[in-house]
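Enquirer: starting from these lines, generate the structure:
(2 chains)
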Amino acid sequence: MEDVFELAGNKYRSRLIVGTGKYKDFAETKRAIEVSGAEIVTVAVRRVNITDPNKENLLDYLDPKKYTILPNTAGCYTADDAVRTCRLAREAGVGNLVKLEVIGDDRTLFPDVPATLDAAKILVKEGFVVLPYITDDPIAAKKLEEIGCAAVMPLAAPIGSGLGIRNPYNIRIILEYAKVPVIVDAGVGTASDAAMAMELGCAGVLMNTAIASAKDPILMAEAMRLGVEAGRKAYLAGRIPKKLYATASSPLDGMLS
Amino acid sequence: MNSVFLFFMKIKINGEEKQIAEGLSLIGLLESLQIRPGRVVVERNREIVPRDSFDATALAEGDSLEIVHFVGGG
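Expert: From the prediction side, this is the model:
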């Protein structure tokens, strides 16, 4: 059986979306992404250092023909800044997919949900395919879907915290409500967190720090690939219900008397 | 010698004031900064300059440019 992840009309084999920040160098970034099996990768938009324009560019290592490039609006604290960043990103010519994040506070990096809604409205109208980062709030998710976002991306825990899924019940409610893909974005720490997101029924998982800041990023990239695959298969297979008491695995008949 | 400076104009690039040759085109500026045009997006006075207009865009005194590209991010 082929299990395909559909996002904005495109089909993907991998349900793992990875970031490109915090790696030692571009070569490590490239290797980790290859090993992760990810087909969608996030990038940030920043000023070129004009006094020392680095000859190497991230896109020299990530072929946009091979990967779907997902520019983010990380670091934007207003809807205006986020919209401006998305317009710049689209001009780079790698498509109209954007990861919308409007940050509300620099300590938690939690999203400013009203500002995210404002920005999403403008971006959807301008033809962007908007993937918004939000808190694990089913109502925010519902509103963003109604606006026309192509997916909703609730956080598992604060960005870079590695705490894993703090509120699986909210993620379940978001999943029940949503008709668009639900992608857990941010807060994953290790492979079991990724597996848990998939077991809940999420369409995908997005992560960066958990891989890039692991002691061995390449090995962790592989672990995350396997975690996502394992969790997805477990979800499709249908787990057994949890019971308080034991049920014997071996036959009760034929015992020695 | 000082007369050379008459042919310069002040613009802002990524928040920094710079003096550039008068009448320089955007593509000329990028070349002088050793920036590959195919890898950047440019905003001039808050308006995006399409890449195919880099050639035809003559910079003017007081212009404010933002030159951005993709970097690693999550």
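Enquirer: just for chain B, where's the confidence low?
Expert: Chain B contains residues with pLDDT under 70 at B:1-6.
Enquirer: and the closest residue to B:Leu59 other than its chain neighbours, how many neighbours?
Expert: Closest residue in space to B:Leu59, ignoring its immediate chain neighbours: B:Leu24 at 5.4 Å, by C-beta to C-beta, 6 or more residues apart in numbering or on different chains. (Glycine included, C-beta is placed from N, CA and C.) Applying other C-beta atoms under 10 Å in any protein chain shown, we find 19 residues neighbouring B:Leu24.
Enquirer: got it, and A:Gly9?
Expert: Neighbours around A:Gly9, by other C-beta under 10 Å: 7.
Enquirer: the spatially most central residue of chain A pairs with what?
Expert: With distances taken as C-alpha atoms, centre = their mean, A:Leu206 lies nearest the centre of chain A, 2.0 Å away. Taking DSSP bridges as the rule, A:Leu206 bridges to A:Ile17, A:Asp185.
Enquirer: please look at it and A:Ala186 and confirm they touch.
Expert: Yes: the pair A:Leu206 and A:Ala186 passes the contact test of C-beta atoms under 8 Å, sitting 7.2 Å apart.
Enquirer: quick check: neighbours shared by these two?
Expert: B:Gly74 (C-beta atoms under 8 Å, 6 or more residues apart in numbering or on different chains).
Enquirer: A:Ala214 belongs to a helix?
Expert: No: under DSSP: H, G, I helix; E, B strand; the rest coil, A:Ala214 falls outside any helix and is assigned coil.
Enquirer: quick one: name the residues of chain B near chain A.
Expert: Counting by C-beta under 8 Å from any C-beta of the partner chain, chain B comes close to chain A at B:13-16, B:18, B:33-36, B:39-41, B:43, B:48, B:50-51, B:66-74.
Enquirer: for the strand ranked longest in chain A, name the packing helices and strands.
Expert: Ordering each strand of chain A by length in residues (DSSP state E) puts strand A:40-47 first. Contact here means 3 or more C-beta pairs under 8 Å, 6 or more residues apart in numbering or on different chains; DSSP states H and E; on that basis strand A:40-47 packs against strand A:16-18, strand A:68-71, helix A:79-91, strand B:64-72.
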